[in-house]
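Trainee: this one's sequence-less:
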Ligand code: MN3
């Protein structure tokens with residue numbers, strides 16, 4: 001008992017010194033960051049309504065972030081980016097998997113949408129889409145099928161596999177293709193949240209209408225940048 005209190009004291013002292021050092025340096029940001037939304041809540045109207053955006057970002061995403069911070073506090077995961085342990089998610093607590101995926105997936109989701117989005121991708125990304133799926137329209141058809149076909153809550157993805165090839169997949173809950181638990185593994189470059197909280201206020205049970213509206217706000221330059229980074 002005495003020994004464990006001693007260990008706790010040393011641990012608390014080390015943690016105290018570490019946090020003091022961080023606050024004094026000021027230039028080393030925490031590994032986990034809740035980033036600002038890159039546009040106003042109403043910026044994606046009429047495709048995604050302002051109230052949905054506000055609740056989705058400030059309550060749902062914030063809750064995943066807060067619960068992830070709690071879940072990794074005091075563990076070796078605290079000092080690592082999520083990407084460092086997605087590959088062994090099957091061995092980690094459910095709170096880390098659900099909230100880690102929730103935080104990472106939403107961080108990507110906000111960035112792959114833009115009020116100036118829509119249209120079609122260009123350059124290498126368009127060529128890769130045409131090579132993998134035959135045409136951009138066929139890619140959209142398959143992506144829509146993945147999004148509307150997912151039973152219950154989850155995500156639809158466009159991702160890059162180990163050999164640099166594009167694939168479409170869907171994962172349940174807050175899983176993603178970076179996790180070892182995913183059926184298909186790769187680096188997501190486009191993700192669509194198909195939880196009801198992402199669309200129910202505006203679209204109710206009509207998920208297909210929400211998925212169709214998504215094409216008007218896809219930030220293709222951002223997806224192309226992620227494709228280029230994933231290929232390296
Ligand atoms: Mn969501």
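Mentor: That came through fine. Small disclaimer: the values here were computed from a predicted structure and weren't measured.
Trainee: and the one helix or strand residue 98 maps to, how far from the chain's centre?
Mentor: For residue 98, the enclosing helix or strand under DSSP states H and E is helix 94-111. Centroid separation between helix 94-111 and its chain, computed with CA atoms, centre = their mean, to the nearest Å, is 5 Å.
Trainee: which strands and helices sit next to that helix?
Mentor: Applying 3 or more CB pairs under 8 Å, 6 or more residues apart in numbering; DSSP states H and E, one finds that helix 94-111 makes contact with helix 62-72, strand 187-193. Any C-beta I mention is one placed from the backbone N, CA and C, and that applies to glycine too.
Trainee: Let me see the residues that make contact with the helix or strand hosting residue 124.
Mentor: Under the criterion of DSSP H and E, residue 124 resides in helix 123-133. When contacts are defined by CB atoms under 8 Å, 6 or more residues apart in numbering, helix 123-133 is touched by residues 120-121, 136, 139, 142, 165-168, 220, 223-224, 227-228.
Trainee: Most neighbours out of those residues, which is it?
Mentor: Taking other CB atoms under 10 Å to define a neighbour, the member of the contacts of helix 123-133 with the most is residue 227, carrying 24 neighbours.
Trainee: and the helices and strands packed on helix 94-111, which is most packed in?
Mentor: Mean neighbour counts were compared across the helices and strands packed on helix 94-111 using mean count of other CB atoms under 10 Å; the top stretch is strand 187-193, at a mean of 24.
Trainee: elements contacting that one?
Mentor: With contacts defined as 3+ CB pairs under 8 Å, 6+ apart, the packing partners of strand 187-193 are helix 94-111, strand 154-160, helix 220-231.
Trainee: and with 10 Å instead?
Mentor: Contact here means 3 or more CB pairs under 10 Å, 6 or more residues apart in numbering; DSSP states H and E; on that basis strand 187-193 packs against helix 94-111, helix 123-133, helix 136-149, strand 154-160, strand 166-172, helix 207-214, helix 220-231.
Trainee: rewinding a little: could you export the helices and strands packed on helix 94-111 to a markdown table, including columns for mean pLDDT and distance to the ion?
Mentor: Rendered in a markdown table, the data for the helices and strands packed on helix 94-111 read as follows (pLDDT from 0 to 100; distance: least, CB to the ion, whole Å):
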| stretch | mean pLDDT | distance to the ion |
| --- | --- | --- |
| helix 62-72 | 98 | 8 |
| strand 187-193 | 98 | 4 |
